[in-house]
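Asks: Mind looking at a prediction? Sequence and model below.
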Amino acid sequence: MALKIDIEKKFGTFRLQIKLNTEDEVLGLVGNSGCGKSLTLKCIAGIEKPDRGRIVLNGITLFDSEKHINLSPQKRRTGLLFQNYALFPNMTVRQNIRAGTLRDQQNEKERENKVDAIMDSFGLSSLASHYPRQLSGGQQQRTALARILVSEPQILMLDEPFSALDSELKFRMEKEVRDVIQRFGKTTILVSHDRGEAYRLCDRIAIVQDGKADEILLKEEWLLKSNSVIITTDSIPQNVILVSKEP
């Protein structure tokens, strides 16, 4: 399983020129706001169309400007978790998750069984008839993740997944998301501006600056380069946090 990206896209005065090669791993995209991290995910998902280049996922070409290939988002089998979760406000938890099965070729009963199974695994069965406005931030995130995973995506992409959560809930949800990533077992891309979060969840780190990922490092190499140190604590997942060294 692998993702290969080599694309360019102009977005106003900004220019994205990104090259990435991943395997079955968790790749972190870190960098300042506006550097092109989220735009990269949208290009992979087919929400934004690059001006040129190629995107290949597990041997299937999602986009190729020279060959005029541009698969629709529905055909790309990508799972993108937005910062605001993008749940349908007028649908219940069950209906939101069931929406992830619409492209399945299975019969009605098989789809319902899939929905039941994933709701149970995410601890959402008792909330099946609730609407998004009735859910906590963590429950909304679990619902959004369940909707993505029930569609059986080939890649999981998380765009600042904890930015809308308070600190206590963030740390609890980080552990749950780590468990989801491990169960998923395929390529995952995590966009984050939090160095500790990226270190705890990712295998490698791509440093994105001005629309380019000039370096992709093992997280241990990145830790040294980022001039940070590890401090252990019992209050957060994986018992580790990063802080900047004093100059």
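Replies: Structure's in. What do you need?
Asks: in the helix ranked longest in the chain, what's buried?
Replies: If you go by DSSP state H, the chain has its longest helix at helix 167-184. Buried residues in helix 167-184, defined by neighbour count with 16 or more other Cβ atoms under 10 Å: 170-171, 173-174, 176-177, 180-181, 184. Just so you know, the C-beta spots here come from the backbone N, C-alpha and C atoms, and that holds for glycine as well.
Asks: What is the nearest of those residues to residue 204?
Replies: Lowest distance from residue 204 to these (Cβ to Cβ) belongs to residue 181, with 13.7 Å.
Asks: Skip the chain neighbours and tell me the closest residue to the closest one.
Replies: Closest residue to residue 181 apart from its sequence neighbours, by Cβ to Cβ, 6 or more residues apart in numbering: residue 188 at 5.1 Å.
Asks: Please, where are all the strands along this protein?
Replies: 3-11, 14-22, 26-30, 52-57, 60-64, 69-70, 78-81, 155-159, 188-192, 204-209, 212-218, 228-231, 241-244 (DSSP state E).
Asks: what helices or strands is the third one leaning on?
Replies: Spelled out, that is strand 26-30. Of the remaining helices and strands, those touching strand 26-30 by 3 or more Cβ pairs under 8 Å, 6 or more residues apart in numbering; DSSP states H and E are helix 37-45, strand 188-192, helix 195-201, strand 204-209.
Asks: ditto for the fourth one
Replies: Secondary-structure packing of strand 52-57 (3+ Cβ pairs under 8 Å, 6+ apart): strand 3-11, helix 37-45, strand 60-64.
Asks: try the first one
Replies: Under the contact definition 3+ Cβ pairs under 8 Å, 6+ apart, strand 3-11 sits against strand 14-22, helix 37-45, strand 52-57.
Asks: Point out the most buried one among these.
Replies: Highest mean neighbour count of these: helix 37-45, a mean of 23 (counted as mean count of other Cβ atoms under 10 Å).
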